[in-house]
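Novice: quick one, what's the 3D model for this:
(one chain, ligands or ions: 1)
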Amino acid sequence: MLKDVSVAPRDFQEYRVVIDYKLFEEIIYLSGQLRNKRILYINSNQNRGGVYEHLTSLIPLLQNLGIKAEWKAISEVPPDFYEATKRIYNCIQGAEYVLTPKQWKIYENFNKGIAKEVEGDNWDFVLVQDHQMLGALSQVRNKRRMKWIWQSHSETHNPDERFVNHLIKYLQPYDGVILYLPEYVFKNFHPKKLVTSTIAIDPISPKNVPMNKLKARRVIEQFGINSHRPFITQIARIDSWKDFPGVVDAWLIAKKKIPGLQLAIVGVVSLNNIHAKEIIDQILEKTKGEEGIYLLINTVERENIKAFQTASNIIVQKSLREGFGLAVSEALWSGTPVIGGNVGGIKVQIINGKCGYLVDSIEECAQRIIELIQNPSRARAMGKFGREYVRKQFLLPRLIRDEMQLMIDLLD
Ligand code: UDP
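Specialist: Numbers count the residues shown, from 1 in each chain. Here you go, the predicted model:
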C-alpha cells in the first residue's frame with residue numbers, strides 16, 4: 001500500500017549563499033528542536049508534478065538537518081480508486097459534486113489500509129499531501145499518538161457545501177493544516193492549527209540551476225524546435241484544470257499575427273490521471289494540419305525542463321484553477337515572463353504587467369502573447385523582474401521554516 005521513495009542526498013549548507021542569513025540561521029536553530037524526530041510524508045504520485053518536486057528537495061534537506069524524514073507513496077491502488085480521487089480533486093477545486101456513496105466507500109477502504117500501515121510504526125509526525133490519503137486519519141484508532149498534518153496543494157476554491165460537509169469529517173481530527181493562501185480555508189472548517197505558506201522552488205536543485213541561453217537553445221533544437229523563430233511553451237501535468245486546449249486556441253489566434261510562432265506543449269501524464277487521453281486527443285484535433293506545434297508528452301527529461309523555461313520567449317500557464325503552480329516560479333526564476341490564468345496561486349506569483357500578465361480568456365491570452373513577442377525588450381525586463389520577485393518570495397527555505405515551526409508548535 002505504501003512504498004518508500006528514495007531521494008538523492010543534499011547539503012543544507014549550500015543555501016548559505018543563496019538565502020538571507022537570518023533565515024538560514026533560523027532554520028538551523030529550528031531543526032535542532034526536531035532532531036531525531038521521525039516524520040513521514042505521504043503522497044500519491046512518484047511521477048512528477050509539483051508535490052513530487054517539493055518532496056524531492058525537502059526530504060533530503062530535512063535529513064541533512066538531522067531529522068528522520070521519510071517519503072512514502074501509495075502503491076497497489078485498487079481499481080476505481082483514482083476515479084474516486086480524481087472526482088474529489090475536481091470537487092475540491094470547485095467542480096460539480098458528483099461522488100457516489102460507492103466511491104466514498106472505495107476511498108475510505110483504501111484509506112483504512114493506509115491508516116493501519118502508518119499506525120504500525122512509530123512516527124512523530126505524519127504529513128499527508130493532498131487529498132488522496134486525507135481520509136486515513138479518521139480510520140486511526142489512537143489519534144493522539146502521532147501528530148497529523150494535512151498539506152493541501154489544490155486551489156480549494158468555493159467547493160460545493162455538501163461535498164465540504166462530507167470532507168470535514170476526515171479533516172477535523174487533523175492537528176495542523178497547511179494551505180497556500182488564507183482564502184483556501186473551507187467555509188465551516190475550523191482547523192486546530194492553520195499555517196498558510198505557499199510551496200516554493202528549490203534554487204539549488206539541478207532542475208532550477210541557471211542554464212545559459214545558448215545551451216538551452218541547443219537542447220530545444222533536439223526536440224525539433226527552431227530556435228531562430230519565436231516560441232512559447234506550457235509545461236504541466238496533462239490535466240483538465242491546466243487548460244491545454246485553451247493554450248492551443250490562444251496560440252492559433254496569435255499565430256495569425258506572428259507567422260512562424262511555435263508552441264511546445266511539455267506535459268507529463270501522471271499515473272493517476274485517467275482522463276489525460278481525452279485531453280491529448282483534443283489537442284491533436286485542434287492542431288491537425290498546423291505547422292509549429294510540438295506535443296511533447298512524457299518526452300522531456302526532468303533535467304531538460306529548464307531549457308524550455310530558459311529558451312522560450314514566453315511561458316504560458318493558462319490554468320483554470322491552480323493551487324500554486326510551481327512551474328510559474330520556475331519560469332520566472334529562469335528570467336522568462338509568464339502569461340498565466342488569473343486564478344489561485346498564479347495570482348500571487350505574477351504581478352500583472354511586471355513579470356508577465358494575468359489573463360481571463362483565450363483572446364486576452366493571445367493578445368498578451370502577441371504583445372510580448374512584438375516587444376522583446378519589455379519581455380526581457382519582465383523576466384528580470386520576475387527572477388528577483390521569486391528570490392524574495394518563493395524559495396524553498398521559507399517553506400521549510402514554516403513547516404518546522406508548525407511541527408514545533410504542535411509538540412508544545
Ligand atoms: N514538470 C516536469 N515535466 C513535465 C511537466 C511538468 O518536470 O513534463 C514539472 C514542472 O516543472 C513543475 C511540476 O512538474 O515542477 C508541476 O508543478 P505545478 O505546481 O506547476 O503543477 P502540479 O502538477 O503540482 O499541479
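
Novice: CA only for contacts and neighbour counts going forward, please
Specialist: Will do.

Novice: what residues does the stretch 1-150 of the chain have near the ligand?
Specialist: Arg48, Gly49, Gly50, Val51, Glu53 (Cα under 6 Å from any ligand atom).

Novice: any chance of TSV for those, columns secondary structure, pLDDT and neighbour count?
Specialist: TSV is the format used below for those (DSSP: H, G, I helix; E, B strand; the rest coil; pLDDT from 0 to 100; neighbours: other Cα atoms under 10 Å):
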residue	secondary structure	pLDDT	neighbour count
Arg48	coil	76	17
Gly49	coil	86	19
Gly50	helix	90	20
Val51	helix	93	19
Glu53	helix	92	19
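
Novice: between those residues, which is closest to Ala136?
Specialist: Closest approach between those and Ala136, by Cα to Cα: Val51, at 18.7 Å.

Novice: what bits of the stretch 301-412 of the chain have low per-residue confidence?
Specialist: Counting by pLDDT under 70, the stretch 301-412 of the chain contains no low-confidence segment.

Novice: can you pull the residues of it lying near the ligand?
Specialist: Residues of the stretch 301-412 of the chain lying near the ligand (Cα under 6 Å from any ligand atom): Arg302, Phe324, Gly325, Leu326, Ala327.

Novice: which of the residues you listed sit farthest apart?
Specialist: Distance extremes for these: the farthest pair is Arg302 and Phe324 at 19.5 Å, using Cα to Cα.

Novice: residue contacts, the residue nearest the centre of the chain?
Specialist: In the chain, the residue lying closest to the centroid (Cα atoms, centre = their mean) is Gly50, at 2.8 Å. By Cα atoms under 8 Å, 6 or more residues apart in numbering, the contact set of Gly50 is Gly325, Leu326, Ala327.

Novice: ok, of those, which one's closest to Arg218?
Specialist: For the contacts of Gly50, the nearest to Arg218 is Ala327 (21.4 Å; Cα to Cα).

Novice: following the host helix or strand of that closest one, which helix or strand comes up?
Specialist: If you go by DSSP states H and E, Ala327 is part of helix 326-333. Counting by DSSP H and E, the next helix or strand C-terminal to helix 326-333 is strand 338-341.

Novice: so Gly312 sits against Thr233, correct?
Specialist: Just to correct that, residue 312 is Ser rather than Gly. Yes. At 6.4 Å, Ser312 and Thr233 qualify as touching, with contact defined as Cα atoms under 8 Å.

Novice: before we move on, the earlier item: the helix holding Ala327 packs against which elements?
Specialist: helix 305-311, strand 314-317, strand 338-341, helix 344-349, helix 376-393 (3 or more Cα pairs under 8 Å, 6 or more residues apart in numbering; DSSP states H and E).

Novice: can you give me the buried ones in that helix?
Specialist: Buried residues in helix 326-333, counted by 16 or more other Cα atoms under 10 Å: Leu326, Ala327, Val328, Ser329, Glu330, Ala331, Leu332, Trp333.

Novice: residue ranges for the strands of the protein, please.
Specialist: Along the chain, counting by DSSP state E, strands occupy 2-4, 38-43, 68-74, 125-129, 147-151, 176-179, 194-196, 231-237, 262-268, 293-297, 314-317, 338-341, 356-359.
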